[in-house]
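S.K.: Provide a 3D model corresponding to the input given below.
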Amino acid sequence: MNRSYADMPLHYGQVPPWLYQRMSKLGVAIVEAIVLEYGRGAVLQRLSDPFWFQALGCVLGMDWHSSGITTSVMGALKRSVNERSKELGIYICGGKGKYSKETPAELLRIAEQTGLNGDLLVRSSRLSAKVDNTAIQDGYQLYLHSFILSSDGDWAVVQQGMNNANGMARRYHWHSPSLSSFVETPHTFIYGASQGLILNITDKHADTTRSGILQLTQENPEWLLPEIRKLVMPSHHDVKARDVNLKRLGSVLALAYQKEHLDMESLLLLEGLGPRTLQSLVLVSEVIHGTPSRFEDPARFSFAHGGKDGHPFPVPTMVYDEAIKTLETALHRAKLGHTEKNEAIKNLAKAAQQLEKDFLPNDNFEQLIERERNDSWKYGGRTVFGKAKPPKKKPGDTQLTLF
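M.R.: Model (predicted):
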């Protein structure tokens, strides 16, 4: 069973309505695209992968490294996906704080509508929370529990705990198809900082302790939770070159701004889209169609729509809206049997990956971010602090060659 750990700084504050509405629209469009192309199970599988989840949060315009991605992404998806649950076959229950306690009632209502085993789903929800909050005593107190269910009966869990002592958060991911036991290595991933010795009665070597699980408080096991994969989300808020695979980011930019690597059919089908929107759509396309190994640098996906706090740059709302409209139009036409535009969007990710093989990035990363910030006002750039304004012209300003 794979496990993954990463440091996630605790972030507080609200997502502004102008961003939350866009997150909901793009989020459900991405879910619909995955269902259409790969099936409902693929949505659950992706949500159980913390690297993909972090990349999704970035492409939706959230702060690239913080714990706020979890609550905001799941809240936005619950709002938009549940409005179309019957069509998509995906249901999202629970949430943050008091909403997590509503999960059993929500699951029973869905079970009544779909014919699924409601009692079994409620049991799975409660056990996953108990395991992460009690059976694994790692210093993190759960405050969010999201249970994602498909009409096929499979489910995923995304839940998060906080540790106020160190200012960090830990996210836990579950996926029912890969679950053989609730009490022996049940997780797909545990996403957070290792805190040394951890009480973990789900460890495969803790079977003796599990036999006395009802006397848990009388036990004193000291199994170290093993670290197999580790993603470090740093405390610095800005995106630095070392946080991004520059070869991959460079191929995205070259594809968007040069277009010569796109096949003629895709160019015609995406005619009228400027390079900045193509840049966003390439990254959105990869979130939909990319393989797991493509998400090891989730910060790269913040170059689709920036971040609400202005890192790496303000959210370009006009670009965001055009990307949503393009994807929604492609999905609508695909449902009517016209798949060409949807295939053109899919080909964006393929073209970027092909270009990446022989691509050599330059050292213009900081200049790239500066250009995005300087141009942000042209695209309706916004942050939680307000709207972007035109920069003051500096003597000797020159045209930047990107990657």
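S.K.: list the contacts for the nearest residue to Asp297 once chain neighbours are set aside?
M.R.: Of all residues not flanking Asp297 in the chain, Asn245 sits nearest, at 4.4 Å (Cβ to Cβ, 6 or more residues apart in numbering). Just so you know, the C-beta spots here come from the backbone N, C-alpha and C atoms, and that holds for glycine as well. Residues in contact with Asn245 (Cβ atoms under 8 Å, 6 or more residues apart in numbering) are Glu296, Asp297, Arg300.
S.K.: Please convert those residues to JSON lines, extending it with pLDDT, secondary structure and neighbour count.
M.R.: JSON lines is the format used below for the contacts of Asn245 (pLDDT from 0 to 100; DSSP: H, G, I helix; E, B strand; the rest coil; neighbours: other Cβ atoms under 10 Å):
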{"residue": "Glu296", "pLDDT": "89", "secondary structure": "coil", "neighbour count": "13"}
{"residue": "Asp297", "pLDDT": "92", "secondary structure": "coil", "neighbour count": "19"}
{"residue": "Arg300", "pLDDT": "95", "secondary structure": "helix", "neighbour count": "24"}
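S.K.: Pick the one among those closest to Arg40.
M.R.: Within the contacts of Asn245, the smallest distance to Arg40 is 25.5 Å, found for Glu296 (Cβ to Cβ).
S.K.: Dihedrals phi and psi, that closest one?
M.R.: Dihedral pair for Glu296: phi -80, psi -10, per degrees, to the nearest 10.
S.K.: Let me see the domain layout of this protein.
M.R.: Segmentation of the chain into domains, based on automatic domain parsing, reads 4-230, 241-386.
S.K.: CSV for the contacts of Asn245, including distance to Ser100?
M.R.: Output for those, formatted as CSV (distance: Cβ to Cβ, whole Å):
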residue, distance to Ser100
Glu296, 30
Asp297, 31
Arg300, 31
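S.K.: The residue nearest to Asp297 and Ser100, how far apart?
M.R.: Distance of Asn245 to Ser100, computed by Cβ to Cβ, to the nearest Å: 35 Å.
S.K.: Okay, now the unreliable bits of the protein?
M.R.: 1-7, 134-138, 180-232, 264, 394-403 (pLDDT under 70).
S.K.: which stretches of it form strands?
M.R.: Assigned by DSSP state E, the chain shows strands spanning 4-5, 8-9, 90-96, 136-137, 141-150, 155-163, 168-175, 189-191, 199-200, 229-230, 315-316, 381-383, 386-387.
S.K.: For Met62, give me its contacts.
M.R.: Each residue near Met62 by Cβ under 8 Å, 6+ apart is listed here: Val15, Met23, Gly68, Ile69, Ser72, Val73, Gly307, Lys308.
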